[in-house]
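Trainee: below are the sequence and a predicted model for it; my questions follow.
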Amino acid sequence: MMDFISIPLVVGICIAGVYGLFDLFVRKKERLAIIEKMSEKISSIAFDGKLTMPSFNRFSFSALKVGFLMAGIGLGLLVAFFLHIGLADIIEGNEWYRREIASVLYGASVLLFGGIGLLIAFIIEIKINKKDKE
């Protein structure tokens, strides 16, 4: 249907890829040249005692957030499934209407319980941060 645009599109993508590759190599050489020029001007005495290893004491809550989000999504799907099974006999109408209600039910449950999971993770994160500060 759109065969007339596929050849120029492929050629354009190839040209952009080659240009991007050359651009990366040129930027790398420029950065290395700038670093070499700066290293000649700055002595190592200026950095004496100022360079230290970063401390990794900060606790990351990303695993907690992802875990509660996934648990919320799973719980939302489970609740939506049971609601769908329970409401299947009550909902009267054609098959299209039942499918529409089921899709809205699944989407709303997943979003609702996923959001609740993120809120719970946020509350736990605040409580842990308050304990650490005290």
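Mentor: Good, I have the coordinates.
Trainee: report how many residues lie close to residue 121.
Mentor: Residue 121 has 21 neighbours, counted by other C-beta atoms under 10 Å. (Each C-beta comes from the backbone N, C-alpha and C, glycine too.)
Trainee: which residues touch it?
Mentor: 61, 64, 65, 67, 68, 69 (C-beta atoms under 8 Å, 6 or more residues apart in numbering).
Trainee: keep only those of those that are in helices.
Mentor: Counting by DSSP state H, the contacts of residue 121 place 64, 65, 67, 68, 69 in helices.
Trainee: out of these, who has the most neighbours?
Mentor: Most surrounded of those: other C-beta under 10 Å gives residue 68, at 21 neighbours.
Trainee: how close does it get to residue 19?
Mentor: Distance from residue 68 to residue 19, counting by C-beta to C-beta, to the nearest Å: 44 Å.
Trainee: ditto for residue 129
Mentor: Relative to residue 19, and taking C-beta to C-beta, residue 129 is found at 47 Å.
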